[in-house]
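> For reference, the sequence and a predicted model appear below.
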Amino acid sequence: MSDRPTRDCQCPRANHQHGTNAAYTRDGCRCDPCRIAGMAYQKRYRLGVLRGTANSLVDAAPAREHIKKLGDLYGLTPGGIAGAAGISRTVMTRLTRGQARTTRATRDAILGVTIDTIPGTAFIRARGTIRRIQALACLGWSMTYVRERSGVHAQSLIWTDAAGELHWVTAETHRAIAKVYDDLAWKGQRVPVTARERQGVTWAHRTAQKNGWAPPAAWDDIDLDDRPASTPAYKKISDMEARRQDAVDLIAGGYAPATVMGRLGIRTLRDLKLMLATAGRADLAEEATLAYQVWQDAA
C-alpha cells in the first residue's frame with residue numbers, strides 16, 4: 001500500500017474526484033490514480049508546447065490591440081466582441097483592464113473577430129459604409145443604384161443631417177455595401193446607356209462635386225484612414241455654383257423651364273435666365289425663354 005498522502009476534495013463547491021489532475025493539483029492528493037493523472041496531464045502539456053498547440057498563457061497585448069481596433073473602426077464594445085468571440089465578459093474585463101497574459105485560446109478567439117464574423121444585426125459605426133457610397137458617387141454610381149444592387153432597404157441609409165452623416169448601420173448593411181463597392185470601385189467611371197442611367201450619373205457626379213467627396217483611389221484604407229491619402233476628385237463648390245450647374249443640366253436635358261424653376265426653387269424666369277447666363281450658357285437661357293413662352297401661350 002502506498003504511504004503517499006490521500007486527500008479528498010475539501011472545496012465548498014467543486015467535487016474533485018480521485019484519478020484527475022484537478023485532485024492532484026488543487027487538493028494535493030498523491031494517491032496512485034491522482035499521480036498518474038497528474039503525470040499524464042504534464043506529458044500532454046509538454047508535448048503541446050513542443051507542437052505549439054498547448055493552451056498555455058501568451059502575451060495579451062495583441063488581443064487587447066485588436067479589441068481597440070475594432071472599437072475605433074466600427075464602434076464595437078468589449079461586451080459585443082466578447083459575445084462574438086465566445087468568451088466571458090469577465091475574461092474580457094480583465095483584458096481591457098491590462099491583464100498581461102491570457103490563454104492561447106482566448107487570444108485566438110478575439111483575433112478571430114472581424115467585421116465578417118460579427119452578427120448581422122449588430123450596430124457598427126457607419127464611417128466606412130458612407131465613404132464607400134460617396135466614393136462610388138464620384139464614379140457616377142448613384143446611392144439609389146448602390147442600394148438597389150446591394151439589396152439594402154432605403155430606411156437603412158437615411159442621412160441624419162445635412163452633411164450626409166449616417167452614424168450607425170447594421171453589420172449586414174455594411175457587408176452588403178462593401179460587396180458592391182468591391183465589385184464596382186475598380187471598374188472606373190460608369191458608362192450610362194439609358195436616359196435614366198444618364199440622369200443618375202449626372203446627379204451622382206454633381207452631388208460628389210458639391211460635397212468634395214473622395215473617389216476609391218484616394219483612400220489607402222477606406223475604413224481606417226482619418227482623411228483621404230490624396231486630393232479628392234472634386235473641389236468642394238458653393239451651393240449657388242451647384243444650382244447653376246443643375247439648371248444647365250436640366251434645361252440641356254430637355255426639362256421644361258417651369259419644372260426646373262420648381263425643382264430648384266427659382267422664383268422667376270428672369271432669375272433662371274441669369275443663372276444660365278452666369279454659367280456661360282446664354283444659348284440655354286434663350287432656349288428657356290422660348291420654351292417658357294410656348295408654355296404660357298398654351299396655358
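Structure's in. What do you need? Residues are numbered from 1 along each chain as shown.
> Show me the helices in the chain, by range?
21-26, 32-51, 61-74, 78-85, 89-96, 104-111, 127-138, 143-150, 171-184, 195-211, 239-252, 257-264, 269-278, 282-298 (DSSP state H).
> Figure out which of those helices is closest to Leu224.
helix 61-74 (6.3 Å; CB to CB). Backbone N, C-alpha and C define where each C-beta goes, glycine included.
> how near is Thr114 to Gly71?
According to CB to CB, to the nearest Å, Thr114 and Gly71 sit 14 Å apart.
> Between these two, which is the more surrounded one?
Gly71 (16 against 11; other CB atoms under 10 Å).
> Tell me how many other residues crowd the residue nearest to that one when sequence neighbours are not counted.
In space, Gly71 comes closest to Thr77 once its chain neighbours are excluded; the distance is 7.2 Å by CB to CB, 6 or more residues apart in numbering. If you count neighbours by other CB under 10 Å, Thr77 ends up with 13.
> Now do the same for Gln42: its pLDDT.
At Gln42, the model reports a pLDDT of 83.
> let me fix that: Thr231
54.
> In this structure the residue nearest to Gly71 contacts Leu70, no?
No. Contact between Thr77 and Leu70 fails when scored by CB atoms under 8 Å: they sit 9.2 Å apart.
> which residues touch the spatially most central residue of the chain?
Compute the mean C-alpha point of the chain, and by CA atoms, centre = their mean the closest residue is Gly128, 4.1 Å away. Going by CB atoms under 8 Å, 6 or more residues apart in numbering, Gly128 touches 73-74, 174, 178, 222-223.
> cool, Thr102 as well?
Counting by CB under 8 Å, 6+ apart, Thr102 has contacts 57-58, 60, 63, 91, 94-95.
> Now the buried members of those.
58, 60, 63, 91, 95 (16 or more other CB atoms under 10 Å).
> can you tell me which of the residues you listed lies nearest to Ala23?
Distances from Ala23 to those, taken by CB to CB, are shortest for Val91, at 25.1 Å.
> For the stretch 1-150 of the chain, give me the ranges with low pLDDT.
Low-confidence segments of the stretch 1-150 of the chain (pLDDT under 70): 1-5, 9-16, 49, 51-55.
> Count the residues that sit near the closest residue to Gly112 other than its chain neighbours.
Nearest residue to Gly112 in three dimensions, chain neighbours excluded: Ala85, at 6.8 Å (CB to CB, 6+ apart). By other CB under 10 Å, 23 other residues sit near Ala85.
> Same check on the one 3 residues further on?
Ser88 has 12 neighbouring residues, counting by other CB under 10 Å.
> Kindly report the same for Asp283.
Neighbours of Asp283 using other CB under 10 Å come to 12.
> Next one, pLDDT for it please.
Looking at Asp283, the pLDDT reads 87.
> Also Val294?
Val294 carries a pLDDT value of 79.
> Quick check: it vs Ile67, distance?
Applying CB to CB, the value for Val294 to Ile67 is 68 Å.
> Ok, Gln199 next?
46 Å.
> Neighbour count: the two, which is higher?
The residue with more neighbours, out of Gln199 and Ile67, is Ile67; 23 against 15, by other CB under 10 Å.
> I figured that one hits Pro78, correct?
Yes. If you go by CB under 8 Å, Ile67 and Pro78 touch, sitting 6.1 Å apart.
> shared neighbours, those two?
Joint contacts of Ile67 and Pro78 (CB under 8 Å, 6+ apart) are 92, 96.
> that older thread, with distance to Cys138 as added columns, please give the contacts of Thr102 in a markdown table.
Shown next, in a markdown table, are the contacts of Thr102 (distance: CB to CB, whole Å):
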| residue | distance to Cys138 |
| --- | --- |
| Leu57 | 49 |
| Val58 | 44 |
| Ala60 | 42 |
| Ala63 | 38 |
| Val91 | 44 |
| Arg94 | 45 |
| Leu95 | 40 |
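> which one of these is nearest Tyr41?
Leu57 (15.9 Å).
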